[in-house]
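> just to be clear, the model below is a prediction. Sequence and coordinates:
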Amino acid sequence: MTMLPILIVFCLFLAPPLLAASAQEEQPVAIRADSMEYLQKAGRIVFRGTVHATHEDMELWADTVTVHLEEGTAQATATAPQGKVRSIVAEGNVRIQTTQNRSGTGKRATFDARTETVTLEGDPEVREGKNSIRGEVIILYLKDGKSEVRGGAKQRVEAIFLAPKAIPGLEKKP
């Protein structure tokens, strides 16, 4: 599998399942944290302290996860916060793992529902098996099916892919 599909799959397992379950087929998301604060007027739900979220075959860990709701959709109670998700920000020791041996890490992961992007920052890395890609910022464009890895002064883009020992047609001839 090439790295582009790996990154796209990474986005698919990070964003939609955790952030915005389909109205047609809602799936449970279990979130455990030391505390949860629902700020109805601000349209924000904050989970703090060793946050662990699970959904189907995916798990997310972070120090803090903040769900930002669209304005005017936070019509709910303290025990049943609801609303359309505008963005989700996971911060501090962010780690995402799937049962398909795919993972991602960084200091911050942001899902933006409006632009349908996931941005990983702070030493981000995406892995599938022994393949990996790193940079200063990794941006995954879910709607467009593309990804962008930006390097900079602190971290150049680094990709590691496993390839066959011999590529048919490129062997050295005696």
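Here it is on my side, so go on. These numbers were taken from a predicted model, which means no experiment stands behind them. Numbering: from 1, shown residues only.
> tell me the spacing between residue 57 and residue 27.
Residue 57 sits at a distance of 11 Å from residue 27 (criterion: C-beta to C-beta, to the nearest Å). The way it works is simple: take the backbone N, C-alpha and C, and place the C-beta from them, glycine included.
> I'd guessed residue 96 sits against residue 111; true?
No - at 11.2 Å, residue 96 does not count as touching residue 111 under the criterion of C-beta atoms under 8 Å.
> can you give me the strands in this protein?
30-32, 35-39, 44-55, 58-69, 85-98, 102-112, 117-121, 125-128, 131-134, 137-141, 146-150, 158-160 (DSSP state E).
> any chance of the ones you listed in a markdown table, plus mean neighbour count and mean pLDDT?
Listed next are the strands of the chain as a markdown table, based on neighbours: other C-beta atoms under 10 Å; pLDDT from 0 to 100:
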| stretch | mean neighbour count | mean pLDDT |
| --- | --- | --- |
| strand 30-32 | 12 | 89 |
| strand 35-39 | 14 | 94 |
| strand 44-55 | 18 | 92 |
| strand 58-69 | 21 | 91 |
| strand 85-98 | 20 | 90 |
| strand 102-112 | 22 | 89 |
| strand 117-121 | 22 | 88 |
| strand 125-128 | 21 | 88 |
| strand 131-134 | 20 | 92 |
| strand 137-141 | 21 | 86 |
| strand 146-150 | 17 | 88 |
| strand 158-160 | 12 | 91 |
